[in-house]
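**Student:** need coordinates for the following:
(2 chains)
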Amino acid sequence: MSEHSTYVPGSAAEKWLDERLPVARFAKEHLMDFPTPKNLNYWWTFGAILVMCLGVQIVTGIILAMHYTPNVAMAFDSVEHIRRNVNGGRIIQATHAVGASMFFAALYIHIFRGMFYGSYKAPREILWILGVIIFILTMATAFMGYVLPWGQMSFWGATVITNIFSAIPIVGESVLQLLRGGFAVGNPTLNRFFSLHYLLPFVIAAVVALHIWALHVPGNNNPTGVDVKSSRDTLPFHPYYTMKDLYGMVLFMIPFAWFIFFAPDILGHPDNYIQANSQVTPAHIVPEWYLLPFYTILRAIDFNVLFINSQLGGVIAMGLSMVALLVVPWLDTGRVRSGLFRPMFKWFYLLFVINFIGLTYLGAQPAEGIYTLLAKVCTAYYFIHFFVVLPVLSRIEKPLPLPTSISESVLGKAHA
Amino acid sequence: MATQAQHSTTRRDFLFVATGAVGAVGAAAVVWPLINQLNPDASTLALASIEFDLSAIEEGQSVTITWRGLPVFVRHRTPAEIEEAKAVPLSDLKDPQTDEERTKEGHEQWLIMVANCTHLGCVPTGESGDFDGWFCPCHGSHYDTAGRIRQGPAPKNLVVPPYEFISDTLVQIG
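**Tutor:** The predicted structure follows:
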């Protein structure tokens, strides 16, 4: 799909440039004329929305770094300084903080869209794996960013998460000191997190470029999951999808703006407006909402398994929850991609989404009573979905008949 | 080329591998300082040992002090708490340690421990939990009156740092 070239240099200058650095050709082929299935729905606009989110975070982040001080004595006050004294700082800081949540909201929708429509299936495995890598990098970046305001949740979140590495047998304690630059989370930790928090978004941008490259080799999946068969199945990316994506972005900006202007702190935690104190732990440590499902999995393992102690067990389970995402193309081997034509998968998918929301809810609850039991049940089901339900379904399920082409699914048989 | 193919390894192969090996050692030697700079620096290590005066702590009272940037509990235990800790059979413990192993002989009333839960590092609250010792609110670990893990996700007892009594009321930690 990406081989044929539609670019014809319009002038001598364009021809001169095209023979030396064909950027105009590249833009025409990949940003304007790229053949895109004509039946993409609004779930497909979240890719473009995510690019916008990354842009918003990078621009606001660079500005915040001009006013922020990465030192344990001054970090907390410098964030308040940004919010109170810097011109427009209140809005810019709120945009960056709310932006992280909006980024993850779009990211989860994008991932769940891919899971429903089977976008990870051949020939898009690498595209999917790059996406999971972006997801992991984004979680790391968001976590380190949350440490920078140096509030109580920043400090104790950093303590709890870096402590994960102490679970590594034998070298754990040394690795922990290497990461923190001390015996506890302190000034060296804050400084290196600031450095890495500035670096990682650019690494993410590079992986996004690979992700889009991998997308442009096979082209987009689509709601029917049927391959593009002829030019009648596609439309040029510009203006059809540039406009649709822009409209999606505008709709997405409405809740985004509402949070920034009316409730900038509602997604945060009040404890983070208390300056970090290494002597006192908040009664209830909760990560930001977007990390909760994986936090639940981490702490659900509170029992020893053979020679693996409970702490290492939790870390392994959390790691495995990411590995499950990475290998899903080889777990769900059924040929039919789209959930629309998979009568059994459809319901298990719904159950998985509900279970995932359950994991999120449980991560915010105290680890006691019924919650610890539910956390174990939901964690178990997360893995059962990937390692039992998907492989079994792809063997026993009888898919519905597929439309012969995208065009037929849009226009009906008569026009196809 | 025909004669070369008969030899399994040539001088050139040897030089190629040898050069590569020297290059890899050189690259590792350059990378190590770039990683080692992340380790605790001299100013952090300089705070590794402190002295602390116990005389102001009443029986039944706990204080939290800072050592190496870590919070440390110093608890003056009551005789009842010591009895309770000593009465626990080792078979009930996840990380078996006697009360004697966690205190200094002749100073059993003093319990000195790093105040970070061995699960993920939160500071447990004192005189609470199901075993009258400490309770970690983060993930629900219960410790007894000797700071030993009794219930919950923590794998180990609260860590006793290296310390010694310089006199009856003065300890050196670290």
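**Student:** is the lengthiest helix in chain A up against chain B anywhere?
**Tutor:** Ranked by residue count, the top helix of chain A under DSSP state H comes out as helix A:187-216. Yes. Shown here: helix A:187-216 in contact with chain B (CB under 8 Å from any CB of the partner chain) through A:188, A:192. Every C-beta, even on glycine, is put in place using the N, C-alpha and C of the backbone.
**Student:** which positions within that helix qualify as buried?
**Tutor:** Residues of helix A:187-216 classed as buried: A:187-190, A:192-194, A:197-198, A:200-201, A:204, A:207-208, A:211, A:214-216 (neighbour count, 16 or more other CB atoms under 10 Å in any protein chain shown).
**Student:** got it, and stretch A:272-280?
**Tutor:** Neighbour counts over stretch A:272-280 (16+ other CB under 10 Å) mark A:272, A:275-276, A:278 as buried.
**Student:** report the distance from the longest helix of chain A to the chain centre.
**Tutor:** The chain centre lies 13 Å from the centre of helix A:187-216; the measure is CA atoms, centre = their mean, to the nearest Å.
**Student:** packing partners for it?
**Tutor:** When contacts are defined as 3 or more CB pairs under 8 Å, 6 or more residues apart in numbering or on different chains; DSSP states H and E, helix A:187-216 sits against helix A:46-65, helix A:125-147, helix A:152-163, helix A:172-180.
**Student:** for the stretch 151-300 of chain A, which residues are neighbours of chain B?
**Tutor:** Within the stretch 151-300 of chain A, the positions near chain B by CB under 8 Å from any CB are A:156, A:159-164, A:177-184, A:186, A:188, A:192, A:278-281, A:283-285, A:299.
**Student:** report the buried members of those.
**Tutor:** Here, 16+ other CB under 10 Å leaves A:156, A:159-164, A:177-184, A:186, A:188, A:192, A:278, A:281, A:285, A:299 buried among these.
**Student:** quick one: the strands in chain B?
**Tutor:** Along chain B, the segments classed as strands by DSSP state E run B:50-53, B:62-67, B:70-76, B:110-114, B:125-126, B:134-136, B:141-143, B:149-151, B:163-165, B:170-173.
**Student:** quick one: pLDDT of the residue positioned nearest the centre of chain B?
**Tutor:** The residue lying closest to the centre of chain B (CA atoms, centre = their mean) is residue B:159, at 5.3 Å. pLDDT, residue B:159: 89.
**Student:** nearest residue to it in space, please, no chain neighbours.
**Tutor:** Spatial nearest neighbour of residue B:159, excluding adjacent residues (CB to CB, 6 or more residues apart in numbering or on different chains): residue B:114 at 4.4 Å.
**Student:** what about the one you found, neighbour count?
**Tutor:** By the measure other CB atoms under 10 Å in any protein chain shown, the count of residues near residue B:114 is 22.
**Student:** swap in residue A:265?
**Tutor:** Neighbours of residue A:265 under the rule other CB under 10 Å: 13.
**Student:** cool, and residue A:33?
**Tutor:** By other CB under 10 Å, 16 other residues sit near residue A:33.
**Student:** just residue B:42 next, same as before
**Tutor:** 6.
**Student:** let me know which of the helices and strands packed on helix A:187-216 is tucked in deepest.
**Tutor:** Most buried of the helices and strands packed on helix A:187-216 by mean neighbour count (mean count of other CB atoms under 10 Å in any protein chain shown) is helix A:152-163; its value is a mean of 24.
**Student:** residues in chain B within reach of chain A, list them.
**Tutor:** Residues of chain B lying near chain A by CB under 8 Å from any CB: B:35, B:38-41, B:44, B:64, B:66, B:68-71, B:115-116, B:118-124, B:136-140, B:152-155.
**Student:** go again using 7 Å as the cut-off
**Tutor:** When proximity is defined as CB under 7 Å from any CB of the partner chain, chain B approaches chain A at B:38-41, B:44, B:64, B:68-71, B:119-123, B:137-140, B:152-153, B:155.
**Student:** please flag which of those sit within helices.
**Tutor:** The helices, defined by DSSP H, take in residue B:44 from those.
**Student:** give me the buried subset of the residues of chain B next to chain A.
**Tutor:** For the residues of chain B next to chain A, buried by 16+ other CB under 10 Å: B:39-40, B:44, B:68-71, B:119-123, B:137-140, B:152-153, B:155.
**Student:** pretty sure residue A:379 sits against residue A:300.
**Tutor:** Yes. Residue A:379 is in contact with residue A:300 according to CB atoms under 7 Å; the separation is 4.1 Å.
**Student:** quick one on the thing from earlier: Throw the helices and strands packed on helix A:187-216 into CSV and include mean pLDDT, thanks.
**Tutor:** Formatted as CSV, those follow (pLDDT from 0 to 100):
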stretch, mean pLDDT
helix A:46-65, 97
helix A:125-147, 97
helix A:152-163, 90
helix A:172-180, 90
